[in-house]
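Asker: Here you go, sequence then predicted model.
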Amino acid sequence: MVCLGNICRSPLAEGIMQNKIEAHGLNWEVDSSGTGAYHAGELPDPRSIKVAKENNIDITNQRARQFQKDDFKNFDLILTMDATNFQNVKKLAANSEEVSKIQMIMNFVTPGMNQVVPDPYYGNDGFGNVFEMLDIACERIIEKHK
């Protein structure tokens, strides 16, 4: 799960997916990162923590980190929140196999539409909407890959 700073969208996506992995009894690993290192080592945004907690998910064990080239080796899917992050991750790919792992997460809900998960950082009202979008996307990912 990849966004810009790894404190708002991708930690929510990681927490939601981890919750669903456990609920479905899957042997999957999920992680999140940001294309920027602005918040490396920090907790998720308090507003992300709050909306996750309201949905019985605890993301306070997460710490922001920057996406690394090794993530291509460690993960089968690299899911980005928007086109800018998609392009930034794609620039780090060493070959077409690595590029094929990158997808925009909302394409699991609206295939081919490249729908953006809006960054709620500069507002206070978008976190619930982002949670709902990511919850649906994570469920569709599980349905497709289970």
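Answerer: Received, thanks.
Asker: CA atoms for contacts and neighbours, from now on please.
Answerer: Noted.
Asker: show me where pLDDT drops low in this structure?
Answerer: Applying pLDDT under 70 to the chain flags no residue at all.
Asker: tell me the SS of Ala13?
Answerer: In three-state terms, and counting by DSSP: H, G, I helix; E, B strand; the rest coil, Ala13 is helix.
Asker: Use 731 as the first number from now on
Answerer: In the new numbering, first residue 731, that becomes Ala743.
Asker: what about the closest residue to it other than its chain neighbours, which helix or strand?
Answerer: Nearest-residue entry for Ala743: Leu864, 5.8 Å, with adjacent residues in sequence omitted and distances by C-alpha to C-alpha, 6 or more residues apart in numbering. Here Leu864 sits within helix 857-875, counting by DSSP states H and E.
Asker: again, but for Asn757
Answerer: Assigned by DSSP H and E, Asn757 falls within no helix or strand.
Asker: That one and Ile751 touch, don't they?
Answerer: Yes. Between Asn757 and Ile751 a contact is recorded at 7.4 Å, counting by C-alpha atoms under 8 Å.
Asker: mind listing the strands for the protein?
Answerer: Assigned by DSSP state E, the strands in the chain fall at 732-733, 763-764, 808-810, 832-834.
Asker: could you dump those strands to a markdown table with distance to Val846 and mean neighbour count?
Answerer: Output for the strands of the chain, formatted as a markdown table (distance: least, C-alpha to C-alpha, whole Å; neighbours: other C-alpha atoms under 10 Å):
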| stretch | distance to Val846 | mean neighbour count |
| --- | --- | --- |
| strand 732-733 | 11 | 29 |
| strand 763-764 | 16 | 27 |
| strand 808-810 | 9 | 25 |
| strand 832-834 | 8 | 21 |
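Asker: Just tell me which of the ones you listed ends up closest to Met843.
Answerer: With C-alpha to C-alpha as the criterion, Met843 lies closest to strand 832-834 of the strands of the chain, at 9.4 Å.
Asker: Give me the helices and strands touching that closest one, please.
Answerer: strand 808-810, helix 813-820 (3 or more C-alpha pairs under 8 Å, 6 or more residues apart in numbering; DSSP states H and E).
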